[in-house]
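K.L.:
Fold the following and give me the result.
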Amino acid sequence: MESVFDGGLARTMNPQLLRDWAHAAAEGLASLRGEINDLNVFPIPDSDTGSNMLFTMTAAAEAADRVAPETGVAGVARAMADAAVAAAHGNSGIILAQVLVGLSDAAELITTDESQLTFNQLWAAGLRLGSLAAVRAVSEPREGTVLTVVRVGAETAAANVHASAGDLARAVADECADALEKTPEQLPELANAGVVDAGGRGFLVLADAMVAVLTGVAQRRRRYKGILTGGGEPGHQD
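P.N.:
Presented below is the predicted three-dimensional model:
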């Protein structure tokens with residue numbers, strides 16, 4: 001398959017990159033599931049955000065593997081989105097699924113000729129559409145949740161669309177990390193518990209996974225310590 005790179009600049013989008021990213025994201029969520037679960041205090045401390053996001057992303061990754069090898073970017077993205085929507089657990093899973101729906105919609109809307117679709121176009125337009133869809137999926141959107149982190153990622157991608165693919169992905173991940181650190185300032189429930197938003201931490205895993213797939217270099221993040229352990233019922237806007 002054609003690489004997404006040529007001299008460091010974004011070129012034709014490669015459907016294999018979506019598969020690789022889906023698996024890297026699922027693996028990242030698996031390794032941090034306990035940490036993310038422990039952060040889950042809003043709106044209900046049911047300690048399952050990491051588990052819900054992992055279940056949803058794993059379904060997307062498995063769906064990407066099931067499509068025919070010759071399937072293009074839009075087909076792979078749609079298979080991932082459909083599987084995530086069908087398997088979504090909790091509102092954190094629903095929001096994650098909507099981000100994948102945004103990527104799928106972007107792949108179909110940007111151009112009818114996939115040879116002209118670049119990673120930068122897909123990541124910027126996909127995050128924007130995913131952010132909008134995620135807000136619509138929540139009955140009472142609040143600042144300081146994963147919705148804020150996704151929106152910051154979308155805005156950053158749009159502002160860096162002319163950078164190299166690696167630089168764009170790193171900018172998105174780093175701005176999402178900064179947004180995550182600010183979530184306790186925006187949501188009193190998080191400040192009272194002394195934690196960042198669990199869903200936002202999960203989305204940062206996705207952003208960091210894209211950096212790793214594009215550049216081969218994993219982002220290093222501090223451990224976000226939570227205060228809860230144990231399981232619970234599916235959450236709401238977590």
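K.L.:
same for the helix or strand encompassing Ser131, what does it pack against?
P.N.:
In the assignment (DSSP states H and E), Ser131 maps to helix 119-136. If contacts are counted by 3 or more C-beta pairs under 8 Å, 6 or more residues apart in numbering; DSSP states H and E, helix 119-136 sits against strand 9-10, helix 90-110, helix 146-159, helix 165-186. C-beta: built from backbone N, CA, C; applies to glycine.
K.L.:
what separates it from the chain centre, distance-wise?
P.N.:
How far helix 119-136 lies from its chain's middle: 10 Å, per C-alpha atoms, centre = their mean, to the nearest Å.
K.L.:
what's next to that helix, contact-wise?
P.N.:
Outside helix 119-136, the residues that touch it by C-beta atoms under 8 Å, 6 or more residues apart in numbering are 4, 10-11, 13-14, 17, 73, 77, 95, 98-107, 109-110, 141, 146-147, 150-151, 153-154, 157-158, 160-163, 165, 168-169, 172, 210, 214.
K.L.:
how about a cut-off of 6 Å?
P.N.:
Contact with helix 119-136 is made by 4, 10, 13, 95, 98-99, 101-103, 105-107, 110, 141, 147, 150-151, 153-154, 157-158, 161, 165, 168, as judged by C-beta atoms under 6 Å, 6 or more residues apart in numbering.
K.L.:
Same check on stretch 146-160?
P.N.:
Identification of contacts with stretch 146-160 by C-beta under 6 Å, 6+ apart yields 95, 123-124, 127-128, 131, 134-135, 141, 168, 171-172, 175-176, 179-180, 199-200, 203.
K.L.:
so who does the nearest residue to Leu117 once chain neighbours are set aside touch?
P.N.:
Closest residue in space to Leu117, ignoring its immediate chain neighbours: Met13 at 4.6 Å, by C-beta to C-beta, 6 or more residues apart in numbering. For Met13, the contact set (C-beta under 6 Å, 6+ apart) comprises 4, 73, 117-119, 122.
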